[in-house]
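J.: Below is the structure, and that's it, no one-letter string:
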């Protein structure tokens, strides 16, 4: 089936917002054997109407994102109604849930908000569990006089669209796409290994299996390997990938590294503290993003200033004086003292030069020490990630979490 | 002049790579009063030919990215030649510079590489200072028999395209675009106010000014207002927006709230510490994302467990016992003790229920107290953001930062 995507939003064409929908939707629907053939982006103008009219006869499935909100530039709903000759009817159920949503949040009602309760005659509502504008599904040729594809109108914010897509769009697609059940998709996540190294290890052998599609996606400190194909071929590829990459794979279930860590700690009834200099709270932030983190995470010491390292974690000022705040010795002290102060089973520590300034010839921007203290010997690793500040923080926390994961899986 | 962008690349449609060209080009050309009206993305297939044919009569300027490299799926150059009836001629100059480039890098010559030296008859070469494939400029109606726009063929990798665009494309555009069209763009960022409230405050009056385009973009805890138009109209709209929203605008220069905070603190020579329970390190993380944060940010206490609140910041266990960890009293104690421990001018604190579990009838998921301690009285605010865990953390930190910003701007 031919699939197209239309992103609406003047903010996209002005470069104020980067589109995240194409990548998300492409990955989700690949598991059904579907691929997007064409994507268009237009502003919140009459161009939406023209583009919809052009795309209707060109595809069997069409996703439209944005333009469903309460403000005057949200016009997708009305244009679709107009093009397909469908009446918009106010849903009293949606209206009540909008009123309830605003009441709970203490937000004032404005007249535009009610437009979000308008539903095309015959359309199915896709509930929005993270925002006010619901999505809408209009089945193919919903008005039998007019040719139209399976049409999904979806909200613009990714945090609204993504859960809606998984919960409500995917089941509809499964019922609409023939043979979708035959195709499998697997994902393997690997931390702190380069994309080319991963490709060198598995690429040729996996691609030698007929009918397997192989893809890589590199992110800061992480490579995701994706295989798609029929069940038997996928089993063969899976065996090669698992036997070759082994414990380097931190998840084969699309979990983040922090989710894996929280799960491993909870399983072993163990606790964690962190002491962060250069990563400035990101390590604690990532861990506490995981629901249930409070069972295993005790405390984070963001000792950014040297005075904080001394005051919060009792690091010897002479150690800092002698070796510098960015040193193996200080990383070790931070981890060991954090473990002692928080009375945790493990503690991770980071100290480094995030940049853009603050580097020196011996410790250039990108230098980082990560340390892990546990019941045995403390491990300290020196690493080098010369990049921008935020990417540096991401890769450094990834390295720290991976250090802990390797320790935890040995114990299991 | 009507402008369109065509991104080619199967990797884009599979979600393996995120497009960065639209945002980059849109921002660059806005200074010339140009806006992209339509963007399309297609794979490395015959779809390129069809899309080019559709776009040629629809725009006066067309940017095409990708498909200029040495591999078999790089077909843009040939399709353009074919559509416009132009011969491709091998440039001996380009060929020599390709050979030189590979020799320097010790890369083996493959036959496909020579294709990158092919130039359409009459086209202008746009040198690539960061890669091998040059860009190409074909002026409008280059073949007088066929209608075509000013056509720019540009390489796919952003680090090649971006310097080429600034150095070679912009000068051509300046000579082609009539300069009467000088258009301005302004952006205003507002924290912790709903999109509909902002629209209600300014929408009608700004839209009443002829020639002003108004747009909103809502993010967690933030609304961005964007106006675009000719200078005089923009001045009128600016006056309305500033006088109506006043101090609610935290930036009119596209800065993040944390950048504004770091700048304000640095200007006043003041320092900050944070004590975080429910936001779990995100507040510290956001502040330390700002280059130069180390001048103003001293320490972050991520006191996730109750024991950490007691151990790290000496919160009275009876206070927690009596009022609960999520309470005005504990928020106040966290902020005041963090300020005292870190010896900072200000301290922010957060304590709340991020969810998905842990709520109670009196303190449901989404409840949060944010506190600000300074030299005067400590301020504590109770807020309610029932949403997913990560968005909750984002909005709660936004509320805390905004509390501090309001205090800092009163002092200036």
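T.: Looks like it came in fine. Small disclaimer: the values here were computed from a predicted structure and weren't measured.

J.: which residue sits closest to residue A:217 in space, ignoring its chain neighbours?
T.: Distance criterion C-beta to C-beta, 6 or more residues apart in numbering or on different chains; nearest residue to residue A:217, sequence neighbours excluded, is residue A:224 at 4.4 Å. All C-beta atoms are positioned from the backbone trio N, CA, C, and that covers glycine.

J.: How about residue A:185?
T.: Distance criterion C-beta to C-beta, 6+ apart; nearest residue to residue A:185, sequence neighbours excluded, is residue A:31 at 4.0 Å.

J.: Check the gap between the one you found and residue A:256 for me.
T.: Look at residue A:31 and residue A:256: by C-beta to C-beta, to the nearest Å, they are 19 Å apart.

J.: in chain A, which helix or strand is least confident?
T.: Least confident helix or strand, chain A: strand A:213-219 with a mean of 78, by mean pLDDT, DSSP states H and E.

J.: Report the strands that pair with it, each with its relative direction.
T.: strand A:222-230 (antiparallel) (DSSP bridges).

J.: Look up phi and psi at residue A:6.
T.: Main-chain torsions, residue A:6, degrees, to the nearest 10: phi -120, psi 120.

J.: and the helix or strand that contains residue A:392, average pLDDT?
T.: Assigned by DSSP states H and E, residue A:392 belongs to helix A:389-411. Helix A:389-411 shows a mean pLDDT of 93 in the predicted model.

J.: Next, the buried residues of it.
T.: By 16 or more other C-beta atoms under 10 Å in any protein chain shown, the buried positions in helix A:389-411 come out as A:389, A:392-405, A:408.

J.: Equivalent analysis for stretch A:127-140, please.
T.: Buried residues in stretch A:127-140, defined by neighbour count with 16+ other C-beta under 10 Å: A:128, A:130-138.

J.: coming back round to it: next one: the helix holding residue A:392, is it in contact with chain B?
T.: Yes: Helix A:389-411 reaches chain B (C-beta under 8 Å from any C-beta of the partner chain) through A:389-390, A:393.

J.: Same check on stretch A:356-371?
T.: Yes: for stretch A:356-371 and chain B, the contact criterion (C-beta under 8 Å from any C-beta) is met by A:356-358.

J.: any chance you could map the helices in the stretch 201-350 of chain A?
T.: A:231-245, A:257-267, A:282-288, A:306-313, A:317-323, A:328-342 (DSSP state H, counting those that start in this stretch).

J.: Mind giving me the packing neighbours of the first one?
T.: Pointing back at helix A:231-245 there. For helix A:231-245, the packing partners by 3 or more C-beta pairs under 8 Å, 6 or more residues apart in numbering or on different chains; DSSP states H and E come out as strand A:183-191, helix A:195-207, strand A:222-230.

J.: what does the fifth one give?
T.: Using 3+ C-beta pairs under 8 Å, 6+ apart as the contact test, the elements touching helix A:317-323 are helix A:306-313, helix A:328-342.

J.: among these, which is nearest chain B?
T.: Counting by C-beta to the nearest C-beta, chain B lies closest to helix A:306-313 out of these; the figure is 3.8 Å.

J.: Check which residues of that closest one are buried.
T.: A:306, A:308-309, A:311-313.

J.: ok, now which ones touch the closest residue to residue A:242 other than its chain neighbours?
T.: Once flanking residues are discounted, residue A:242 sits nearest to residue A:249: 7.0 Å by C-beta to C-beta, 6+ apart. Residue A:249 makes contact with A:188-190, A:241-242, according to C-beta atoms under 8 Å, 6 or more residues apart in numbering or on different chains.

J.: And residue A:296, by the same measure?
T.: Residue A:296 touches A:262, A:265-266, A:270-272, counting by C-beta under 8 Å, 6+ apart.

J.: Would you map the strands across the stretch 51-200 of chain A?
T.: A:61-65, A:88-90, A:118-120, A:124-126, A:135-138, A:150-154, A:183-191 (DSSP state E, counting those that start in this stretch).

J.: nearest to residue A:281, of those strands?
T.: strand A:183-191 (20.2 Å; C-beta to C-beta).

J.: ok, which residues in the stretch 51-200 of chain A are in contact with chain B?
T.: Residues of the stretch 51-200 of chain A lying near chain B (C-beta under 8 Å from any C-beta): A:51, A:69-73, A:104-108, A:110, A:112-113, A:130, A:157, A:159, A:163.
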